[in-house]
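Novice: Output the structure for:
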Amino acid sequence: MSAQVLLADDDVELSGMLSEYLEREGFGVTAVHDGEAAARLALSGGYQIVVLDVMMPKVDGIEALRQIRQSSLPFSRVPVIMLTARGDDVDRIVGLELGADDYVPKPCTPRELVARLRAILRRAQPGSDGGPIEVGPIALWPEKRRVQWRGRELHLTSIEFNVLEVLMRNAGRVVSKQEISESALGRPLARFDRSIDVHLSSIRQKLGDGGKLIRTVRGLGYHLVKE
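Specialist: Residues are numbered from 1 along each chain as shown. Got it, this is the predicted structure:
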């Protein structure tokens, strides 16, 4: 079955063009044009990934993302890609801090959007059952997409999970931001791109006391300490 994409953008012409391209690439697409509808449908459980434009009527994409991530429904962790105005770092960083998995600057090509969608969906796809990767009190099940800290379940976004998995598989050594971006996001790290830093900040907060195990090595990258 093809992945079901919820596309939210108030530009009807652009939505139509993107929907047509995505459908040719094998995706199922539902297009909506305001943030209220986007948040409601994202939490319905009918979509594998959501694309949210920042500027929309009723509520904007940032508020729609906030509503999705603050919900207690199991579908609140659905992967979300934000469409942001090119060069608008504020919306980009706020979106990532609220739990967006990635962003695509507008105007974007349909081909670029498809590549981002496939990269996130590929990394979010559960495989066969298997044992956890364990680093100290952190346990991560790659196939089940589950993480625990001292037995407590952590609720990570798709990209946060991927970033933590990269660090855990390389525990004890410094991992560059470029390597994390290519492995976790499926794309090279662009100049001045702070997305990895924002994802790591969120992971640290969710780990609580365990956040100190992830250390920043200035000018090099990040290091998950083996206790």
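Novice: Return the set of buried residues in stretch 156-166.
Specialist: For stretch 156-166, the neighbour count (16 or more other Cβ atoms under 10 Å) marks 156-166 as buried. (C-beta placed from N, C-alpha, C; glycine too.)
Novice: With stretch 83-94 instead?
Specialist: Buried-residue list, stretch 83-94, by 16+ other Cβ under 10 Å: 83-84, 91-94.
Novice: likewise stretch 203-218?
Specialist: 203, 206-207, 210-211, 213-214.
Novice: How about stretch 4-23?
Specialist: So stretch 4-23, judged by 16+ other Cβ under 10 Å, has buried residues 5-10, 14-15, 18-19, 21-22.
Novice: And those residues, which two are furthest apart?
Specialist: 10 and 21 (18.5 Å; Cβ to Cβ).
Novice: Tell me which entries of the buried residues of stretch 203-218 lie within strands.
Specialist: Under the assignment DSSP state E, the buried residues of stretch 203-218 contribute residue 214 to strands.
Novice: Among the buried residues of stretch 203-218, find the lowest-pLDDT one for me.
Specialist: Ranked by pLDDT, the buried residues of stretch 203-218 bottom out at residue 210, which scores 87.
Novice: tell me which residues in stretch 100-118 are buried?
Specialist: Buried residues in stretch 100-118, defined by neighbour count with 16+ other Cβ under 10 Å: 100-104, 106, 108, 110, 113-114, 116-118.
Novice: and which of those is nearest residue 141?
Specialist: residue 101 (19.0 Å).
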